[in-house]
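J.: Pasted the sequence and its predicted model underneath.
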Amino acid sequence: MTAVRQTVSSPSESLILVDEQDRETGFCSKLECHQGDGLLHRAFSIFLFNANDELLLQQRSAEKPLWPLYWSNSCCSHPRQGESVDEAVRRRVHEELALDCDPVFLYKFQYHARFNDVGSERELCWVFAARCDGEVAAHPEEIAAWRWVKPATLTAEISANPDSFTPWLKLEWEVIRREHLDNILQRD
């Protein structure tokens, strides 16, 4: 018998609004944060690598209002009120992928991306990486598909078909590839 997995995200959940210096300014529903041009809120992205130096990519669920069925990084989401970003990363990786990891902070940046007339991402995003070698069990409400790819393969796929990938993945991958990948792939 397959266990039913809990819903881990809802349009009514409260996100942390921030200013350009990442100082909390209040809270607002996930739905409201992503309507129109969006409201600046705190978010995170993590890039999970296995022992073969492959990166875990996920294809976003068809049910996602923004960028459904686009390929994206291993996991991305939002911290909850009173939760550190590091705690949020660990929680969400476990909820979405059934994996445990020790995230390493790389950098943070602000971006705005509009998805047709549906809404926007306007995020101050913390970017992490981690090594992770567990058995992936993707949450079906969050993830349509997943795969492991070599970094060079991802770079080539983004170049050949950029419209298949989320805007934040493309922005983050360029910085990771240029400034962090060598350190991530170094062995202890």
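T.: Everything's here; your move.
J.: longest helix in this structure, by residue count?
T.: Longest helix in the chain by number of residues (criterion: DSSP state H): helix 85-97.
J.: Next, residue 35: secondary structure please.
T.: For residue 35, the assignment made with DSSP: H, G, I helix; E, B strand; the rest coil gives coil.
J.: what residues does stretch 75-83 touch?
T.: 9, 13-16, 27, 30, 41-46, 48, 58, 85, 87-89, 91-93, 96-97, 125, 168 (CB atoms under 8 Å, 6 or more residues apart in numbering). All C-beta spots, glycine's among them, are computed from the backbone N, C-alpha and C.
J.: if we can go back for a sec, now the element after the longest helix of the chain, going C-ward?
T.: Following helix 85-97 in sequence order, the next helix or strand is strand 104-115 (DSSP states H and E).
J.: Whichever helix or strand comes after that following strand vs helix 85-97, what angle?
T.: Note on strand 104-115: by DSSP H and E, the next helix or strand toward the C-terminus is strand 119-131. Angle, strand 119-131 to helix 85-97, by axes from the mean of the first three to the mean of the last three CA atoms, to 10 degrees: 90 degrees.
J.: Would you map the helices across this protein?
T.: For the chain, helices defined by DSSP H occupy the ranges 30-33, 85-97, 151-160, 167-175, 181-185.
J.: right, so these: which one is the most enclosed?
T.: helix 85-97 (a mean of 20; mean count of other CB atoms under 10 Å).
J.: gap between residue 91 and residue 102?
T.: Distance of residue 91 to residue 102, computed by CB to CB, to the nearest Å: 14 Å.
J.: Identify the residue nearest residue 65 in space, chain neighbours excluded?
T.: Nearest non-adjacent residue to residue 65, counting by CB to CB, 6 or more residues apart in numbering: residue 118, 5.9 Å away.
J.: Compute the number of surrounding residues for residue 101.
T.: Per other CB atoms under 10 Å, the neighbour tally for residue 101 reads 22.
J.: how much space between the residue most central in space within the chain and residue 70?
T.: Taking CA atoms, centre = their mean as the criterion, residue 76 is the residue nearest the geometric centre of the chain, at 1.9 Å. Note on residue 76: its distance to residue 70, by CB to CB, is 12 Å.
J.: for residue 51, same thing?
T.: Here residue 51 is placed at a distance of 27 Å from residue 70 (CB to CB).
J.: hang on, the earlier thing: tell me the confidence at the residue nearest to the centre of the chain?
T.: We note a pLDDT of 96 for residue 76 in this prediction.
J.: and it, bridged to which residues?
T.: Taking DSSP bridges as the rule, residue 76 bridges to residue 45.
J.: what distance separates the start and the end of stretch 35-47?
T.: In stretch 35-47, first residue to last residue: 27 Å (CA to CA, to the nearest Å).
J.: now residue 131, nearest residue through space, not along the chain?
T.: Closest residue in space to residue 131, ignoring its immediate chain neighbours: residue 49 at 5.7 Å, by CB to CB, 6+ apart.
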